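*Asks:* A structural model of the following input is requested.
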Amino acid sequence: MQRIGIIGGGAWGAALALVAARAGRTVALWARDPAAARAIAERGESAYLPGVRMERPVAASTDLAATVGASDALLLAVPAQPLATVLAAVAERDVRPRPLVLCAKGIEAGTGSLLSEVVARALPGWPIAVLSGPTFAAEVARGLPTAVTLACADPELGARLAAAIGSAAFRPYLATDLIGAEVGGAVKNVLAIAAGIAEGRRLGANARAALVTRGLAEIVRLAVALGGRPETLAGLAGVGDVMLTCSSVQSRNFAFGLAVGEGRSPAEALALSRGVVEGVATASAVAALARRQDVEMPIAAAVDGILNRAVGVDAAIRALLERPLRAEPT
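*Replies:* Sure, this is the predicted structure:
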């Protein structure tokens, strides 16, 4: 685990390169954009992380085969929707299995597949782990204290991966529940959009707290239906990530929802975004997956309605408030 490859040259990929370099690893990074690769390789800078410099060299390039071939383990920081295309390119260039750590959060639109399922289709036999939890890339890049969940079905491999990237400022907590970690990371983006909409509509702190709590219940229901464990969502990959992204405009999903709540159309809000808003594509995928699993997820369905079904914000809020009363914790 001395050589770590980073697939993805955006903010999260660059931050993870810093994490691995600070842990004393040799780091190779693949970026699709030649300018992004040159900036990291030649100047130790990323346009996505202004003011942050690489303290140690990172071999960045647009040569995917070189990055994969030079690595003992790969951290996949590619957004959820283009992930299958990138994995297909990996399969064409290198067939020797090595550990893959999923660092993106989402569900594949169209198929409704978890990202571990996308990897299993493209690269069968490659060991998979999931890194999730409350992580703003800019704070990770600056070396601020961060704790994450690292889920791997093989505890020994999980421990080796944690040792490869862990440090005093970046603390991986081990788990074996990939499904719970994935569902928490994906659905919290949809919930963050809902929280942003509530903030934009000036519904108040009470409403946001209720929304986040009931949204977390939806996340748990879906995870359990898919085979995950509820205790996973009580940790960093669930409560921790929800706390972070549902309360700050640093979250692209929350900022997007805020713009929609203030009256902008989803298209206008996307145009204002400073990066990929994973929750937009995930909303429809989550709503469809919930229907197939017969899981009740009214908040996720409301976000899907606003973004993809021309449901007005006020109508969606009214429908949620008029739902029948029920008991907790269901």
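*Asks:* Please export the C-alpha coordinates of stretch 140-151 as CSV.
*Replies:* Taking C-alpha atoms only, stretch 140-151 is exported to CSV below (Å, rounded to 0.1, in the frame of the first residue of the first chain):
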residue,chain,number,x,y,z
VAL,A,140,-9.4,18.1,4.2
ALA,A,141,-6.9,19.8,1.8
ARG,A,142,-6.0,22.3,4.5
GLY,A,143,-5.2,19.5,6.9
LEU,A,144,-8.0,20.3,9.3
PRO,A,145,-9.1,17.4,11.5
THR,A,146,-11.4,15.0,9.7
ALA,A,147,-12.9,11.6,10.6
VAL,A,148,-14.5,9.3,8.0
THR,A,149,-15.9,5.8,7.7
LEU,A,150,-13.9,3.3,5.7
ALA,A,151,-16.1,0.3,4.9
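*Asks:* got the buried residues for it?
*Replies:* By neighbour count on 16 or more other CB atoms under 10 Å, the buried set for stretch 140-151 is 140-141, 143, 146, 148-151. All C-beta spots, glycine's among them, are computed from the backbone N, C-alpha and C.
*Asks:* Of the residues you listed, which belong to helices?
*Replies:* 140-141 (DSSP state H).
*Asks:* right, and the pair among the buried residues of stretch 140-151 with maximum separation?
*Replies:* Spanning the widest gap among the buried residues of stretch 140-151 are 143 and 151, at 24.0 Å by CB to CB.
*Asks:* Could I get the buried residues of stretch 140-151 in a markdown table, plus columns for distance to residue 311 and pLDDT?
*Replies:* A markdown table is the format used below for those (distance: CB to CB, whole Å; pLDDT from 0 to 100):
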| residue | distance to residue 311 | pLDDT |
| --- | --- | --- |
| 140 | 36 | 97 |
| 141 | 38 | 96 |
| 143 | 43 | 95 |
| 146 | 36 | 98 |
| 148 | 35 | 98 |
| 149 | 33 | 98 |
| 150 | 38 | 98 |
| 151 | 34 | 98 |
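*Asks:* can you give me the helices in the stretch 151-300 of the chain?
*Replies:* According to DSSP state H, counting those that start in this stretch, the stretch 151-300 of the chain carries its helices in the segments 155-165, 178-200, 205-226, 230-233, 241-245, 252-261, 266-272, 278-293, 298-308.
*Asks:* among those, which is the most enclosed?
*Replies:* helix 178-200 (a mean of 29; mean count of other CB atoms under 10 Å).
*Asks:* Distance from that helix to the middle of the chain?
*Replies:* 9 Å (CA atoms, centre = their mean, to the nearest Å).
*Asks:* got the CA positions of it in CSV?
*Replies:* Coordinates of each C-alpha in helix 178-200 appear next as CSV, following Å, rounded to 0.1, in the frame of the first residue of the first chain:
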residue,chain,number,x,y,z
LEU,A,178,-20.6,-1.1,2.4
ILE,A,179,-24.3,-0.8,1.6
GLY,A,180,-25.0,1.4,4.7
ALA,A,181,-22.0,3.6,4.0
GLU,A,182,-23.0,4.0,0.3
VAL,A,183,-26.7,4.7,0.9
GLY,A,184,-25.8,7.3,3.6
GLY,A,185,-23.4,9.1,1.4
ALA,A,186,-25.7,9.1,-1.6
VAL,A,187,-29.0,10.0,-0.1
LYS,A,188,-27.7,12.7,2.2
ASN,A,189,-27.1,14.8,-1.0
VAL,A,190,-30.8,14.6,-1.7
LEU,A,191,-31.6,15.5,1.9
ALA,A,192,-29.1,18.5,1.7
ILE,A,193,-31.0,19.8,-1.3
ALA,A,194,-34.3,19.6,0.8
ALA,A,195,-32.6,21.4,3.7
GLY,A,196,-31.4,24.1,1.4
ILE,A,197,-34.9,24.5,-0.1
ALA,A,198,-36.3,24.8,3.4
GLU,A,199,-33.7,27.5,4.3
GLY,A,200,-34.4,29.3,1.1
